[in-house]
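Enquirer: take this sequence and fold it.
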Amino acid sequence: MGNVRVTEADYLYFDFFFQGVRCREYTELKNTSENMKLMNEAMRRIEGEIRLGTFNYSMYFPGSRNEQRILDTNTGSGRLSFEVYADRWYKNNQVAWKPSTRRDFDSILNLHLIPYFKGRTLTEITKSMIKEFRTRLSELKGKKGKMSNKRINNILCVLRLMLNEAAEEFDFTNPIVNIRPLTVKKPEIMPFSLDEVLIFLSAVRDDFYNYYAVRFFTGMRTAEIDGLKWKYVDFINKKVIVRETWERNQWVSPKTESSIRDIDMSKVVEDALMDQKQKTGDEELVFSSKGGRPLDYNNVSKRIWYPTLKKAGLALRNPYQTRHTAATLWLASGENPEWVSRQLGHSNSEMLFRVYSKFIPNLTRQDGSAFEAILSKKLEDYKKDTEGEEE
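Expert: Modelled structure (predicted):
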């Protein structure tokens, strides 16, 4: 049990045990009844958080030497507790993560991993324990029903990354190595035909026509078009430049290195942007809410996207299908797959063939008709040339 004690100079200090280490933290508070009351309240909070496994030493005592003593005492052979190592692992790696990744990992650690594994040392975690945890996750219910396999895999991915690093550092057998991810249903791809795109654009609200015209004919991701600024629209060179994105209420860099790109501006996109320039050209963002703020993805989906699909009599599908639509229309029209990949921000064209081949009859044609057409044309030309010589 922790205590508040008094030094010979009549100053107050904390005296408690954490992770098997006796910790004394001195203050500049004199021994008065009011200060003693404050210190005792703080001591009770510290003890409560230690029992719950949520105590963060550096938050209470930043820069304390005791934190390193605790780490030195508990490291080696994986004897460090899960919650202590998780906190250290997050702090040491967060600088390399995007803000959205930091937020996701922090949420996974504090909502799922730490509450389940707290109080256990790293070497106490077993394969069966992780499988039990996975089963527990599958039984959780939320607003949309049980947790999806994809979400469970994402949670276990954080655990996997952490244990991989811990096993390498402390040289113990990693219990998660042979646990395979759960099967995830592939997301449904429902691209629009060109006729359907035109039907949608004729039905959408006038103030969102330009927004969706640009989405359909650039293949931009939601975060990319919602974060598009006028300084990234180059009418002279006919380029839409992707350098920043608006994701989860903050500005972040594009999804991947290849996502940083210059998209060729087609005539329909140029016309839409020129028209939009008359409306929001004095603002920073190309497409924005009335207050000049970036569009709210969920709000636009509920108020504009789905109602327009119903109004136009089109099959319901998510807004991401505008990106799939751009890809399939380009490929179906015979555009070079490498060019299409650059437009979409893919590192190579492999994904195009894997994802879109079934939507483009002649993208990966294997029935010989392409060669048959070339041969027929050649034979026809040869026949014409021969007949000409005879005459």
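Enquirer: low-scoring pLDDT stretches of the stretch 101-250 of the chain, where are they?
Expert: Scanning the stretch 101-250 of the chain for pLDDT under 70 picks out no residues.
Enquirer: can you mark which positions in stretch 96-106 are buried?
Expert: Along stretch 96-106, these residues count as buried under the neighbour rule (16 or more other Cβ atoms under 10 Å): D104, F105. To be clear about C-beta, it is placed using only N, CA and C from the backbone, and glycine gets the same treatment.
Enquirer: ok, now stretch 262-276?
Expert: For stretch 262-276, burial by neighbour count (16+ other Cβ under 10 Å) applies to D262, I263, M265, S266, V269, E270, A272, L273, Q276.
Enquirer: distance of the fourth one relative to A272?
Expert: Taking Cβ to Cβ, to the nearest Å as the criterion, S266 is separated from A272 by 10 Å.
Enquirer: partner strands of the longest strand that the chain contains, parallel or antiparallel?
Expert: Selection of the longest strand in the chain by residue count, based on DSSP state E, yields strand 21-30. Here strand 21-30 has these sheet partners by DSSP bridges: strand 11-18 (antiparallel).
Enquirer: now could you export just the CA positions of the strand it pairs with as CSV?
Expert: C-alpha atoms of strand 11-18 as CSV (Å, rounded to 0.1, in the frame of the first residue of the first chain):
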residue,chain,number,x,y,z
TYR,A,11,8.3,18.2,2.6
LEU,A,12,5.9,15.6,1.3
TYR,A,13,6.7,12.7,-0.9
PHE,A,14,5.0,9.6,-2.4
ASP,A,15,6.2,6.2,-1.3
PHE,A,16,4.7,3.2,-3.2
PHE,A,17,5.5,0.0,-5.1
PHE,A,18,5.0,-0.4,-8.9
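Enquirer: buried residues in it?
Expert: L12, Y13, F14, F16, F18.
Enquirer: need the residues you listed in a markdown table (columns: pLDDT and distance to D234).
Expert: A markdown table is the format used below for the buried residues of strand 11-18 (pLDDT from 0 to 100; distance: Cβ to Cβ, whole Å):
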| residue | pLDDT | distance to D234 |
| --- | --- | --- |
| L12 | 95 | 64 |
| Y13 | 95 | 63 |
| F14 | 95 | 61 |
| F16 | 89 | 62 |
| F18 | 82 | 58 |
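Enquirer: next, give me the two most distant ones among the residues you listed.
Expert: Farthest pair in the buried residues of strand 11-18 (Cβ to Cβ) is L12 and F18. Separation: 18.4 Å.
Enquirer: the buried residues of stretch 262-276 in helices, which ones?
Expert: Among those, DSSP state H puts V269, E270, A272, L273, Q276 in helices.
Enquirer: buried residues in stretch 249-256?
Expert: Across stretch 249-256, burial judged by 16+ other Cβ under 10 Å covers V252, P254, K255.
Enquirer: give me the contacts around it.
Expert: Residues from elsewhere that reach stretch 249-256 (Cβ atoms under 8 Å, 6 or more residues apart in numbering): 98-100, 221, 223-224, 227, 242-245, 260, 345, 347.
Enquirer: go with 10 Å
Expert: 98-101, 103, 221, 223-224, 227, 229, 242-247, 259-261, 293-294, 296, 345-347 (Cβ atoms under 10 Å, 6 or more residues apart in numbering).
Enquirer: give me the distance from it to the chain's centre.
Expert: How far stretch 249-256 lies from its chain's middle: 9 Å, per Cα atoms, centre = their mean, to the nearest Å.
Enquirer: likewise for stretch 129-144?
Expert: Computed by Cα atoms, centre = their mean, the separation of stretch 129-144 from the middle of its chain amounts to 21 Å.
Enquirer: which outside residues touch that stretch?
Expert: Applying Cβ under 10 Å, 6+ apart, the external contacts of stretch 129-144 come out as 112-113, 116-117, 120, 125-126, 146-149, 151-153, 155-156, 159-160, 163, 175-176, 179, 182.
Enquirer: kindly supply the ChimeraX command isolating those of those residues that are buried.
Expert: Buried residues among the contacts of stretch 129-144 (16+ other Cβ under 10 Å), as a ChimeraX selection:
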select :112,113,116,117,125,147,148,149,151,152,153,155,156,159,160,163,175,176
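Enquirer: so which of the contacts of stretch 129-144 belong to helices?
Expert: Of the positions in these, Y116, F117, N149, R151, I152, N153, I155, L156, L159, R160, L163 sit in helices, assigned by DSSP H.
Enquirer: out of these, which comes closest to T7?
Expert: F117 (38.3 Å).
Enquirer: any chance of the buried residues of stretch 262-276 in a markdown table, plus pLDDT and distance to K358?
Expert: Formatted as a markdown table, the buried residues of stretch 262-276 follow (pLDDT from 0 to 100; distance: Cβ to Cβ, whole Å):
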| residue | pLDDT | distance to K358 |
| --- | --- | --- |
| D262 | 96 | 30 |
| I263 | 96 | 25 |
| M265 | 94 | 29 |
| S266 | 92 | 25 |
| V269 | 94 | 27 |
| E270 | 94 | 32 |
| A272 | 96 | 30 |
| L273 | 97 | 32 |
| Q276 | 97 | 35 |
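Enquirer: show me what contacts V177?
Expert: Residues near V177 by Cβ under 10 Å, 6+ apart: K127, R160, L163, N164, A167.
Enquirer: in those residues, find the pair that's most separated.
Expert: Among the contacts of V177, K127 and N164 lie farthest apart (Cβ to Cβ), at 14.5 Å.
Enquirer: coming back round to it: and the contacts of the helix or strand that the longest strand of the chain is followed by?
Expert: Later in the chain than strand 21-30, the nearest helix or strand by DSSP states H and E is helix 33-52. By Cβ under 10 Å, 6+ apart, the residues outside helix 33-52 that reach it are 1-6, 11-19, 23, 25, 27-32, 54-57, 59-61, 83, 115, 118-119.
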